[in-house]
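> Structure, please.
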Amino acid sequence: MDKSRRLSGAAKFAVAALGSSLAGAVNGILGTGAGTVFYFICLVISGGGDDRSKDHLATAMAAVFPLSAISLFTYSGASATDPLSFFTLILPAAAGGLAGALLAGKMRGRILRSLFAAVSVAGGINMILR
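Alright, predicted model coming up:
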């Protein structure tokens, strides 16, 4: 990795703190999107030159979990505890997340980055056209 792209410890902390605040704000406003911000935070902190896409995606997923839980309870209030929602949404999503994580462990970083970009673009186009 190019030494000019390395950040000092203080700079990494600043990027992480400011970026995480931005991710929280994005998630609070939109109810989604924090994972993308966290992924870019990981890229900046690592210098972006190494192929650690799996690590970056795993970090983003771990960071998004508590934000998603907060958003769930904030947006849905009492309906978040509805047993039907739990069994029809949360359990299948958890099973899909587990399957996806196992599959991601077997994929190349380049494929993961391309898939991530495709899903992001498709979501953006869908939001614009609706």
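
> In this protein, spot the helix with the most residues.
Counting residues, the longest helix found in the chain (DSSP state H) is helix 53-76.

> center of this structure - which residue?
Nearest to the geometric centre of the chain sits residue 35, at 1.8 Å (C-alpha atoms, centre = their mean).

> Could you identify the helix or strand that succeeds the lowest-mean-pLDDT helix or strand in the chain?
Sorting the helices and strands of the chain by mean pLDDT, DSSP states H and E puts helix 83-85 at the bottom, at a mean of 66. Downstream of helix 83-85, the next assigned helix or strand under DSSP states H and E is helix 91-104.

> hang on, the earlier thing: chain center to the longest helix of the chain, what's the gap?
6 Å (C-alpha atoms, centre = their mean, to the nearest Å).

> With stretch 113-123 instead?
Going by C-alpha atoms, centre = their mean, where stretch 113-123 is centred and where its chain is centred differ by 12 Å.

> quick one: average confidence on it?
The pLDDT scores in stretch 113-123 average 85.

> hang on, the residue nearest to the centre of the chain packs against residue 59?
No: contact criterion C-beta atoms under 8 Å: residue 35 and residue 59 do not qualify, at 9.7 Å. For glycine as for every other residue, the C-beta is placed from the backbone atoms N, C-alpha and C.

> what about residue 93, how many neighbours?
11 (other C-beta atoms under 10 Å).

> could we number from 257 for the rest of this?
Understood, numbering begins at 257; the last thing we discussed is residue 349.

> Would you mind measuring from it to residue 295?
Taking C-beta to C-beta, to the nearest Å as the measure, residue 349 and residue 295 are separated by 19 Å.

> got a pLDDT number for residue 274?
90.

> What distance do you get for it to residue 385?
32 Å.

> ok, those two, which is more surrounded?
Between residue 274 and residue 385, residue 274 has the larger neighbour count (other C-beta under 10 Å), namely 11 against 6.

> So that one, which state does it fall into?
Following DSSP: H, G, I helix; E, B strand; the rest coil, residue 274 is assigned to helix.

> Tell me where the model's unsure across the protein.
Scanning the chain for pLDDT under 70 picks out the ranges 257-261, 304-307, 331-342.
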